[in-house]
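Engineer: based on what follows, work out the 3D shape:
(2 chains)
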Amino acid sequence: MTPLSTSGRSSVSKEAAHARGQRWLVVALAAAAVGLWLLAYLRPWWQFYLFAPQYPNGLVLDISLTGLGGDAKEINMLNHYIGMKGLDEAASLERHLAVYGVGLVALLSAALSLVVGRKWNWLLIVPGLLFPLGFVGDSVWWLYHFGHTLDRHAPLNIPMFTPQFLGWGKIGQFETYAMPLQGFWLAIAAVCAMAVAMALRYRLCRTCPLHDSCGATCPTKLVLGTIPYRVK
Amino acid sequence: MNTQKQTRSTRHPWLLAAVVGVALCTALGCQPPPKPGSAPAAGAPSANLGASASIKDLMAARGLNESDVESALKTYMPTGKKDDYLIFASGGQSGQVLVLGVPSMRLLKVIGVFTPEPWQGYGYGGESNKIIEAGKQDGRSITWADVHHPNLSETNGDYDGKFLFVNDKSNGRVAVVDLEDFNTKQIVVNTLVGSDHGGAFVDPNTNYVIETSQYPVPFGRVYAPLSEYKDKYRGLAMFWKFDRKIGRIDVRKSWAIELPPYTQDLADCGKLGSDGWAFVNSFNTEMATGGTLQGKPPIESGASQNDMDYLHIINWKKAEELVNAGKAEDVLGVKVLRMNVAAAEGVLTLVGEPKSPHGADVTPDGTRVIVGGKLDTHTTVYNIAKMRALIDAKKYDGKDAYGIPILNFKDSIDGQCEIGLGPLHTVFDDKGFAYTSVFLESVVAKWSLKDLKVVEKIPVHYNIGHIMAAEGDTVSPDGKWVVAMNKMSIDRFNGVGPLYPQNFQLIDTTGEKMRVIQDAPIGIGEPHYSQMIKADKLHTIKIYPPGTNIYTNSKDPNAVESGKERIEKRADGTHVFMTAIRSHFTPDQFEVEEGEHVFIHITSLEQSEDQTHGFTINMHNIDLSLEPGKHENVDFIATKAGVYPMYCTEFCSALHLEMAGYMLVRPKGAPATIPVSSTAPGGPSTDQPPAAGH
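Structural biologist: Sure, this is the predicted structure:
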């Protein structure tokens, strides 16, 4: 037992411990991503504020994946004056499919901790990335659609319009402000967690003696430390 | 190279985790945007001192002195700033209750109570008719009241901001106002008495609302000549049992104590150590009945012959026990504890009080009762513990003509305070001072409860009756404010004809000297008492849940939902199930036959703050107020064929004028022109056109 060999061995096990820690981190991040997606499903994604003198506290419209919240009823009430359809008529298909979409994306996140770093694994992240973008695109389309199918027999006739989806806008006496809300940010956070997990996984596999040949059994072995570790 | 870079970037994955965490925190702690235009106003530096020159100019131009400006600063409310306290004041002959803010003294609301109130649609065809109808005496509708004493509900001797009770002196009635929505929910009638004055007063936990009669009559107001006054005429202390859970008086659990035919006046309940006791003063223990035309002295002089009248001391907890033990007698359907039983059991005791007194006010600590002399220049300070000791020891001076024991006056009091001419009512602050209204002198006298000495008097304008202090009759008065409720205003306001406004004067008691700092003309009736509660104790609702019947506090069985509007022809008449929302009624037209019974069930679908609609059908004395979520049922006979517009009476929106429709009453036998949704089997045979085509 020389001091040198001791230090050498401990250096190797330190590296191994570090790698094990990082593998745990991959699992944890993937689990976090799943949790964040589920939370995102429950929380509102976007928020509209409408300000007018007779609404000193403003009106709020919360859009979540499953429906509308806040003062949706009052806003619909006001919209009937300009002949806009009830907002709850919008995106009913999307609202019904949302639960499956989120479920799928969450599953893909979970898969991150199971599937090792093959070349095309990064594609797992794409649906997660597309989901928030799809939400924004779809919402803007619906707003455009509602603003351009105004009933011409309504008491007030105003030119067709698209409500401002981000930042300040104006409709009649209302100043509007729109911004992403918790659900949206949670989804972004989930995507970030997935991305970090993915990067870690790629790096680990690159330094792993087995490379990517251990298939789906890798995580267990990695976690249990049964895969030999050697510095290249 | 590439590997190295990657290693570097992933060496500290916690950094990335932290980034994710920060993103999360941002997301969860999401900030709403600033309101447009709101930023600069708030927190802007106050006007610089250069403004003082213009203030001086303003003062000179308006003839104001510094004291006036100080008063203005203490009472002025810029728009949006809210008052610290609310006054609930009797509306006097208007039969209503007034709500004012302090310190601004702005009138916030007139609550319809005994008298129909059109703005609230109170008593104009809707559900509220039932409340007012319950106030009938002897089968006669009474649509006014002499409202005297509002009393807020209490918990442990403190206002709890839940309910308000008021009495109608003229017709012996008591009403319950729910402070969740500031609506009158119940009127109960006292079928035994001819009038009441010692009410409505509550005990420290609002078990009972006490109502004491004023001018004695035989119970049930049955006939008996005045020559039988002493034998047949009686006073009464009614104990209305209040059921806090349902917010209503439970008439069946209420009871009363028979009193001698002295003219009982004001009452108050003991508190803290004296909880369970009540004190009622009286005048005319001479039992004079007037007879001016027969050459006898009027009551005013006949009633003022004796030097002493009687303060009634009532042990109501004991009375309650006796009533529960079946010792009460059924008198025309009311459980009444007879005088002889009450006297024998120590429930009712008398003690002398300087003649024709006024006011009976228990001190915040519950140890003393203050009685104003009115015709005597003193307030008399009764010591409750001393009186109770005398009662326990059965140490009496004697008994009155009805066998009720009388305590020795001197042994019952702590002393008297020389107040001045015409001391009436007394209220209290948090520093051991009492404030007594002094009617003849038109002053408020501040005096110390410690040494019973007047420390200051301040003129008020004019003829002060009641007086009131911030939470001044609770166990913990707030001090700060006293309000003089003046019967006359003489030269205080612009002339509005020979019937002058009354004058509430706000007195600031925080300084070394009292100061009148604001006048509030009251132009609706002669208020008597009022109470002032800290505004933050009130928790009012802003909207009703959809379809609420505000008198049952529950969803009305006939509540109408959006899309379920309809017109039904039933055996008893035509039922119109209608909704109101900006800016239309659905249905907005219906037709009935002359002579038909019409039922309209109307629900406001609004759920938005302050979005009220009104509803009227012209020429039918129908006027409803439809606050958000409220449901109303109204029914009437369409007696005259014709065309009757109906419309929303509140300027609810830009399209308010368009919120209208028609009721058509077709002549008997004429063909129908507006379809109904359904005709109930057994209903009147109908010649309705088919409902198709829409």
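Engineer: look at the residue of chain A found nearest chain B and give its secondary structure.
Structural biologist: When scored by C-beta to the nearest C-beta, chain A has A:W185 as its residue closest to chain B, at 2.8 Å. C-beta: built from backbone N, CA, C; applies to glycine. Here A:W185 is recorded as helix under DSSP: H, G, I helix; E, B strand; the rest coil.
Engineer: next one: B:L152
Structural biologist: strand.
Engineer: correct me, but it touches B:V176?
Structural biologist: No: counting by C-beta atoms under 8 Å, B:L152 stays clear of B:V176, with 11.8 Å between them.
Engineer: flag the shaky bits of chain B, pLDDT-wise.
Structural biologist: Flagging of chain B using pLDDT under 70 yields the residue ranges B:1-51, B:681-694.
Engineer: repeat that for 50
Structural biologist: Residue ranges of chain B with pLDDT under 50: B:1-20, B:22-23, B:25-30, B:37-49, B:683-694.
Engineer: so who does B:I637 touch?
Structural biologist: B:G595, B:E596, B:H597, B:V598 (C-beta atoms under 8 Å, 6 or more residues apart in numbering or on different chains).
Engineer: how many residues are close by the last one?
Structural biologist: When you say that, I think you mean B:V598. 21 (other C-beta atoms under 10 Å in any protein chain shown).
Engineer: thinking again about what came up before, find the residues that touch each one of B:L152 and B:V176.
Structural biologist: B:F163, B:L164.
Engineer: now, which of the contacts of B:I637 sits nearest chain A?
Structural biologist: B:V598 (28.5 Å).
Engineer: tell me the SS of that closest one?
Structural biologist: Relying on three-state DSSP, one would call B:V598 strand.
Engineer: got a list of what the most centrally placed residue in chain A touches?
Structural biologist: Centroid-nearest residue in chain A, with C-alpha atoms, centre = their mean: A:A187, separated by 1.8 Å. A:A187 makes contact with A:L36, A:W37, A:A40, A:W45, A:G128, A:F131, A:P132, A:F135 under the criterion C-beta under 8 Å, 6+ apart.
Engineer: gap between the closest residue to chain A within the stretch 251-400 of chain B and B:P477?
Structural biologist: Per C-beta to the nearest C-beta, the residue of the stretch 251-400 of chain B with the smallest distance to chain A is B:P364, at 39.2 Å. Per C-beta to C-beta, to the nearest Å, B:P364 is found 5 Å from B:P477.
Engineer: same question for B:S141.
Structural biologist: Distance from B:S141 to B:P477, by C-beta to C-beta: 40 Å.
Engineer: now B:S213
Structural biologist: 29 Å.
Engineer: more neighbours: the two, which one.
Structural biologist: B:S213 (30 against 20).
Engineer: pull the contacting residues for the closest residue to that one other than its chain neighbours.
Structural biologist: Spatial nearest neighbour of B:S213, chain neighbours left out: B:V193 (3.9 Å); criterion: C-beta to C-beta, 6 or more residues apart in numbering or on different chains. Contacts for B:V193 were tallied using C-beta under 8 Å, 6+ apart; they are B:G172, B:S213, B:Q214, B:V217, B:F219, B:R221, B:L236, B:M238.
Engineer: what comes up buried for the helix or strand containing the last one?
Structural biologist: Right, B:M238. Using DSSP states H and E, B:M238 maps to strand B:235-243. Buried positions in strand B:235-243, judged by neighbour count with 16 or more other C-beta atoms under 10 Å in any protein chain shown: B:G235, B:L236, B:A237, B:M238, B:F239, B:W240, B:K241, B:F242.
Engineer: now distance to A:G167 too, for these, in CSV please.
Structural biologist: Converted to CSV, these look like this (distance: C-beta to C-beta, whole Å):
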residue, distance to A:G167
B:G235, 74
B:L236, 71
B:A237, 69
B:M238, 66
B:F239, 65
B:W240, 61
B:K241, 61
B:F242, 56
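Engineer: of those residues, which pair is most distant in space?
Structural biologist: Greatest spacing in these, by C-beta to C-beta: B:G235 and B:F242 (22.1 Å).
Engineer: what residues does chain A put near chain B?
Structural biologist: A:22, A:25, A:29, A:32, A:36, A:47, A:49, A:51, A:58, A:71, A:73-74, A:77, A:81, A:155, A:168, A:175, A:177, A:179, A:181-182, A:184-186, A:188-189, A:192-193, A:196, A:199-200, A:202-203, A:206 (C-beta under 8 Å from any C-beta of the partner chain).
Engineer: would you list the buried entries among these?
Structural biologist: A:22, A:25, A:29, A:32, A:36, A:47, A:49, A:51, A:58, A:71, A:73-74, A:77, A:81, A:175, A:177, A:179, A:181-182, A:184-186, A:188-189, A:192-193, A:196, A:199-200, A:202-203.
Engineer: what ranges does chain A have for its strands?
Structural biologist: Assigned by DSSP state E, chain A shows strands spanning A:46-52, A:55-63, A:68-70, A:167-171, A:174-180.
Engineer: quick one: average pLDDT of the third one?
Structural biologist: It refers to strand A:68-70. Averaged across strand A:68-70, pLDDT comes to 93.
Engineer: now do the last one
Structural biologist: Mean per-residue pLDDT for strand A:174-180: 95.
Engineer: tell me the strands beside it, with direction?
Structural biologist: strand A:46-52 (antiparallel), strand A:167-171 (antiparallel) (DSSP bridges).
Engineer: how about these in JSON lines, adding mean pLDDT?
Structural biologist: Formatted as JSON lines, the strands paired with strand A:174-180 follow (pLDDT from 0 to 100):
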{"stretch": "strand A:46-52", "mean pLDDT": "95"}
{"stretch": "strand A:167-171", "mean pLDDT": "92"}
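Engineer: look at B:L440 and say how many residues are nearby.
Structural biologist: 15.
Engineer: return the distance of whichever residue of the stretch 201-350 of chain B sits closest to chain A relative to B:H528.
Structural biologist: Residue of the stretch 201-350 of chain B nearest chain A, by C-beta to the nearest C-beta: B:G247 (28.8 Å). B:G247 is 24 Å from B:H528, where distance means C-beta to C-beta.
Engineer: those two - which one has more neighbours?
Structural biologist: B:H528 (24 against 18).
Engineer: list the contacts for the residue of the stretch 401-550 of chain B found nearest chain A?
Structural biologist: Relative to chain A, the nearest point of the stretch 401-550 of chain B is B:P546 (10.2 Å; C-beta to the nearest C-beta). With contacts taken as C-beta under 8 Å, 6+ apart, B:P546 has the following neighbours: B:K555, B:A559, B:E561, B:T603, B:L605, B:Q607, B:G629.
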